[in-house]
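> 3D, please:
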Amino acid sequence: MQPSQSRQPRFETQTAFEKMSLSASVGSTFLLVGLMIWSASLIVKGVSRFVQPSLTPSIRSVSSPPYRFTQVKSVPTGLFRYGGSTAWAPIRLIVDSSIQAQRLEFQLRYVEPSEFPASSSEGIRMLLSGQLSFAQSARPLMQWEYEAAKQRGFSLKQIPVAIDGIALAVHPRLNLSGLTLDQLQLIYSGQIRNWKQVGGPDLDITPYWRSRNATSGMTLPLGGLHTRPSDMMNLRFVPTTTTALNRLAEFPGGIYYASASLLAPQCSVKLLPLGRQPGKFVAPYNKRETPTNRCPTQRYQSNLSAFQTGQYPITRYLYVIVKENQEVEQQAGEAYAKFLLTPQGQALLSQAGFAPLR
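Here you go, the predicted model:
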């Protein structure tokens with residue numbers, strides 16, 4: 001499976017999910033900073049230069065799970081620390097809270113990084129350093145991370161549990177029907193700098209990018225383009241999705257990408273459909289708009305069927321990263337993946353805005 005009108009109100013709650021995930025002890029692509037998101041994490045159906053990550057033996061080991069959380073076996077007892085990608089924030093809110101309610105012996109505590117903003121890379125780093133029992137990632141493991149684990153006397157494995165779509169947010173008044181992948185590549189590589197070059201208004205483009213370190217090397221996955229910040233002076237770095245959304249409300253030419261599960265509910269931005277060919281665009285949301293006074297919980301819903309079938313052109317797997325050390329951390333990570341892969345877990349992942357694997 002392949003997987004502003006007049007000035008907009010500022011976001012007072014981070015994205016709704018960001019704030020809740022930061023405070024919860026139970027439960028929270030195009031440009032990438034060094035280790036933030038690896039290009040192989042994107043699944044682009046029908047584009048030969050992209051390689052879909054294979055479903056590793058890890059997923060096969062939990063391929064026939066019991067139906068409900070209460071039926072999962074070999075669940076360790078204790079308090080287990082976890083963390084990682086901000087894309088997982090809705091999961092920590094919706095899914096993990098349900099696990100906690102039904103499996104009281106399996107307690108979870110979300111841990112924020114101390115130095116950099118939360119990310120897949122930070123979660124894996126904290127797992128390697130012994131700060132977490134398991135990690136949540138929106139990209140596959142890198143070779144150096146496998147090697148770093150080996151040097152510490154254990155190994156790592158990744159277990160895919162869901163499919164995430166990457167959405168593009170722009171100012172709500174930007175008059176543009178969509179973008180092709182090639183146009184997106186040229187925008188983020190700095191070769192297209194005005195919206196009129198892609199059929200929009202005569203307005204300079206300001207690409208925003210959530211970065212933990214603006215001086216790191218970067219990779220633009222579309223077409224395998226590699227570049228560094230000095231080559232892309234039009235980029236604007238933001239620490240959080242909330243900051244990016246506030247900037248988009250202020251500056252009509254801005255563009256930002258993030259998980260559709262985080263962006264679809266937002267009311268002060270517009271999500272652009274994407275396509276592999278001009279005019280053949282697919283929206284990352286289901287076109288069932290609700291009044292803005294119901295934001296953010298009922299704005300749009302992610303286009304899960306398009307993510308699951310590969311009709312939407314940019315998706316990625318979400319992975320549970322497990323420390324294979326034959327100790328309780330391994331049991332905890334494997335149990336958590338089993339919870340998510342039950343039919344109950346997959347249904348809750350859908351509610352959180354992610355396409356199920358099953």
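
> How about stretch 125-140, which residues are buried there?
125-128, 131-140 (16 or more other CB atoms under 10 Å). Bear in mind the C-beta positions are built from the backbone N, C-alpha and C, glycine included.

> Would you reformat those residues as JSON lines and include secondary structure, pLDDT and distance to residue 82?
Output for the buried residues of stretch 125-140, formatted as JSON lines (DSSP: H, G, I helix; E, B strand; the rest coil; pLDDT from 0 to 100; distance: CB to CB, whole Å):
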{"residue": "125", "secondary structure": "helix", "pLDDT": "97", "distance to residue 82": "14"}
{"residue": "126", "secondary structure": "helix", "pLDDT": "97", "distance to residue 82": "9"}
{"residue": "127", "secondary structure": "helix", "pLDDT": "98", "distance to residue 82": "9"}
{"residue": "128", "secondary structure": "helix", "pLDDT": "98", "distance to residue 82": "14"}
{"residue": "131", "secondary structure": "coil", "pLDDT": "97", "distance to residue 82": "10"}
{"residue": "132", "secondary structure": "coil", "pLDDT": "98", "distance to residue 82": "5"}
{"residue": "133", "secondary structure": "coil", "pLDDT": "98", "distance to residue 82": "6"}
{"residue": "134", "secondary structure": "strand", "pLDDT": "98", "distance to residue 82": "5"}
{"residue": "135", "secondary structure": "strand", "pLDDT": "98", "distance to residue 82": "7"}
{"residue": "136", "secondary structure": "strand", "pLDDT": "98", "distance to residue 82": "7"}
{"residue": "137", "secondary structure": "strand", "pLDDT": "97", "distance to residue 82": "11"}
{"residue": "138", "secondary structure": "coil", "pLDDT": "95", "distance to residue 82": "14"}
{"residue": "139", "secondary structure": "coil", "pLDDT": "94", "distance to residue 82": "17"}
{"residue": "140", "secondary structure": "coil", "pLDDT": "96", "distance to residue 82": "18"}
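
> lowest-confidence helix or strand of the chain?
When the helices and strands of the chain are scored by mean pLDDT, DSSP states H and E, strand 32-33 comes last with a mean of 32.

> gap between the two ends of stretch 83-95?
By CA to CA, to the nearest Å, the extent of stretch 83-95 from end to end equals 14 Å.

> can you give me how far it is from the chain middle?
Stretch 83-95 sits 9 Å away from the centroid of its parent chain (CA atoms, centre = their mean, to the nearest Å).

> same deal with stretch 326-335?
24 Å.

> so residue 170 sits right up against residue 272, yeah?
Yes: proximity of residue 170 to residue 272 meets the contact threshold set by CB atoms under 8 Å, at 5.8 Å.

> quick one on the thing from earlier: which of the buried residues of stretch 125-140 sit farthest apart?
Maximum pairwise distance in these, criterion CB to CB, is 21.0 Å, between 131 and 140.
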